[in-house]
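Engineer: fold the following.
(chains A and B)
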Amino acid sequence: MAIDKNRPTYAVEAIPSDITNSVFLGNPAVDNLLSCVIAMNAEMWATKRRMKVLESLLAKKGITQEMIEGYVPTAAETSEWEKERDRFIELAMGPLANDGFRTIGTGFPKR
Amino acid sequence: MIGRRELFGATAGALVMAQTLKADAAVAAEKLKSYTAAPKGSYLPRGTDGRLARLATLDLESHQDFTLGFRLMHSKALRAASAAAFERVLEREGIDPLTPLTGEQVRQLVETEPGINIASRAWLANQQVTWKTLRDHFHANADAYLSEMEAADKSGPGTLELAPNLDIPTYARHEIHIQPGGYVGDPFAGHIYHYGTNSFYISVIGHNEQDQVHKGSAARLPLPEDGKVKRILDMGCGIGQMSVALKERFPDAEVWGIDVGGPMVRYAHMRARRLGVEVNFAQRLAELSGFPDNYFDLVTSYIMHHELPGEITKKVIDEARRVTRPGGVYYPIDFNSGGTKMPARMMYSRWYDHRWNNEVWSFEYHALNFTNEIGARGFNVVKNAKPALPGFGVRHSIKV
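Structural biologist: Sure thing, here's the model as predicted:
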């Protein structure tokens, strides 16, 4: 949301740092990936923390932690959740199996 | 001795400080009962946690909780791994770990060492998440937060003096701690600083969400020999945590907090008002404070000087001398200083903090012997005095 220019904010022009262009790990892509991992973990923790709030509120409505922990999924649920688990793992961890050896400048092979 | 970056890592002073803070926290808990109702127009959708207004969304609070937790982990596991990698580099280069090196020498050593650099990159990325999540939130809700400050600007307790025509020096315009906009360039610099820096303390000193560290430091500041404390100045007060703590310790004193950042003192006033504490905040330069000669009984600052060029630090000491009354106390709290060479590992922390945490002036600060500078400028520096903040420099000074 843009701030009305006529509204006093008492802010002046700052001298920006140059950290966004920093390379610590020899390859800016690797630096960027690490930044992504940390940001993603922050989001993941926010989701987990929200789940904890939900569980606390559910407990106050009679759905206890024991009921959640002790819940036995139906066979249909188990099947569905396993498919979802496998999809999640493939998405999140699948790239580890990539055998990369072609650099970006590599041309098309002969067809 | 605590270096700047050691504020983000484990130190021996932590245990001592933690014990002290337990007592402080008990006192703070009592004070919390007097937390005043938020003024009309306040944007507090999730209420307060003691002295701290809770961040406005659960996700934002959780993001800060994550970055705080990551700092803790970093201060232990990643720093240990980095230190081990550092030892290997020194061994490979045939350098005794205790040999004093300059920042430049250390920089060249670590340039291509992944075991060190991954820890450094992770720390930086975490810091960026802290700032970005906060800045994005306050700007996305700019109207509400500006309205809240506008509602508080002209009402007490306490006063607020803003100086829109003040010529902000270039040295003060940097994005210290890589905080977007720094202390002067973002309308919500105070908000962002407050919530962002809460996590700075956790791995060394403990929690500061209830101003425990500032209250502890204020409680330890020495009095003039005659015991008279009627006027107090907090130079470079930032968001006024120290100023408020001083007013709470000396409720009958006239307390002033001054800072170059308009958004900082604006937030400071709003927060002090919400706490029901009467402090006068003004947007002024520490080296040109505008107060009469000999006006204050106690002049202090909280971790300001390492953010200043060396020449400005000298001017600020001169100004402190001018406004402190004879026999009055000057006690600037800041890191130990006086050294441009250190053992490699310590120097790396200092250099990294300077270069990548954007502590632009910290090397100038450390090139000075700050305590000696005070002694050379009309103050008697008390020998064997106690630190106002354990692990930091001891600068109990009395105006001659």
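Engineer: give me the neighbour count for B:Ala272.
Structural biologist: Per other CB atoms under 10 Å in any protein chain shown, the neighbour tally for B:Ala272 reads 27. Quick note: C-beta positions are derived from backbone N, CA and C, even for glycine.
Engineer: can you check A:Ser79 too?
Structural biologist: Around A:Ser79 there are 11 residues (other CB under 10 Å).
Engineer: element containing it?
Structural biologist: Using DSSP states H and E, A:Ser79 falls within helix A:75-93.
Engineer: hang on, isn't B:Arg107 packed against B:Trp351?
Structural biologist: Yes - under the criterion of CB atoms under 8 Å, B:Arg107 makes contact with B:Trp351 at 5.9 Å.
Engineer: neighbour count for those two, which is higher?
Structural biologist: B:Trp351 (24 against 15).
Engineer: quick one: residues contacting the more buried one.
Structural biologist: When contacts are counted by CB atoms under 8 Å, 6 or more residues apart in numbering or on different chains, B:Trp351 is found next to B:Gly103, B:Val106, B:Arg107.
Engineer: what's the separation between the nearest residue to the first one once chain neighbours are set aside and B:Gly115?
Structural biologist: It stands for B:Gly103. Of all residues not flanking B:Gly103 in the chain, B:Trp351 sits nearest, at 3.9 Å (CB to CB, 6 or more residues apart in numbering or on different chains). In this view, B:Trp351 and B:Gly115 are 17 Å apart by CB to CB, to the nearest Å.
Engineer: and B:Gly328, that one's in a helix?
Structural biologist: No - read with DSSP: H, G, I helix; E, B strand; the rest coil, B:Gly328 is strand and lies in no helix.
Engineer: residues contacting it?
Structural biologist: B:Pro224, B:Asn294, B:Phe296, B:Asp297, B:Leu298, B:Val299, B:Ile398, B:Lys399.
Engineer: which among these count as buried?
Structural biologist: Among these, those buried by neighbour count (16 or more other CB atoms under 10 Å in any protein chain shown) are B:Pro224, B:Phe296, B:Asp297, B:Leu298, B:Val299, B:Ile398, B:Lys399.
Engineer: these: which two are farthest apart?
Structural biologist: Spanning the widest gap among the buried ones among the contacts of B:Gly328 are B:Phe296 and B:Ile398, at 12.9 Å by CB to CB.
Engineer: per-residue confidence at the residue nearest to B:Arg322 when sequence neighbours are not counted?
Structural biologist: Using CB to CB, 6+ apart and skipping the chain neighbours, the partner closest in space to B:Arg322 is B:Asp293 (5.7 Å). In this prediction, B:Asp293 carries a pLDDT score of 98.
Engineer: backbone dihedrals for B:Asp293, please?
Structural biologist: Per-residue torsions, B:Asp293: phi -60, psi 150 (degrees, to the nearest 10).
Engineer: burial of it, as a residue count?
Structural biologist: Neighbours around B:Asp293, by other CB under 10 Å: 9.
Engineer: do the same with B:Leu134
Structural biologist: 24.
Engineer: which ones are touching B:Leu72?
Structural biologist: B:Ile202, B:Ser203.
Engineer: please report how far it lies from chain A.
Structural biologist: 13 Å (CB to the nearest CB, to the nearest Å).
Engineer: before we move on, which element is that residue in?
Structural biologist: helix B:58-73.
Engineer: buried residues in that helix?
Structural biologist: B:59-71.
Engineer: can you check stretch A:26-45 too?
Structural biologist: A:Val30, A:Asp31, A:Leu34, A:Ser35, A:Ile38, A:Ala39, A:Asn41, A:Ala42, A:Trp45.
Engineer: right, and B:Ala151 touches B:Ser42 too?
Structural biologist: Yes - using CB under 8 Å, B:Ala151 is in contact with B:Ser42, at 7.4 Å.
Engineer: give me the three-state assignment for the residue positioned nearest the centre of chain A.
Structural biologist: For chain A, the residue nearest the mean C-alpha position is A:Met40 (2.9 Å; CA atoms, centre = their mean). Following three-state DSSP, the label given to A:Met40 is helix.
Engineer: would you agree B:Leu78 is in contact with B:Arg121?
Structural biologist: No - here B:Leu78 does not reach B:Arg121: they are 10.2 Å apart, not a contact under CB under 8 Å.
Engineer: on that earlier part again, could the contacts of B:Gly328 be laid out in TSV, adding distance to chain A and secondary structure?
Structural biologist: Below are the contacts of B:Gly328 laid out as TSV (distance: CB to the nearest CB, whole Å; DSSP: H, G, I helix; E, B strand; the rest coil):
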residue	distance to chain A	secondary structure
B:Pro224	35	coil
B:Asn294	31	coil
B:Phe296	25	strand
B:Asp297	30	strand
B:Leu298	28	strand
B:Val299	25	strand
B:Ile398	36	strand
B:Lys399	33	strand
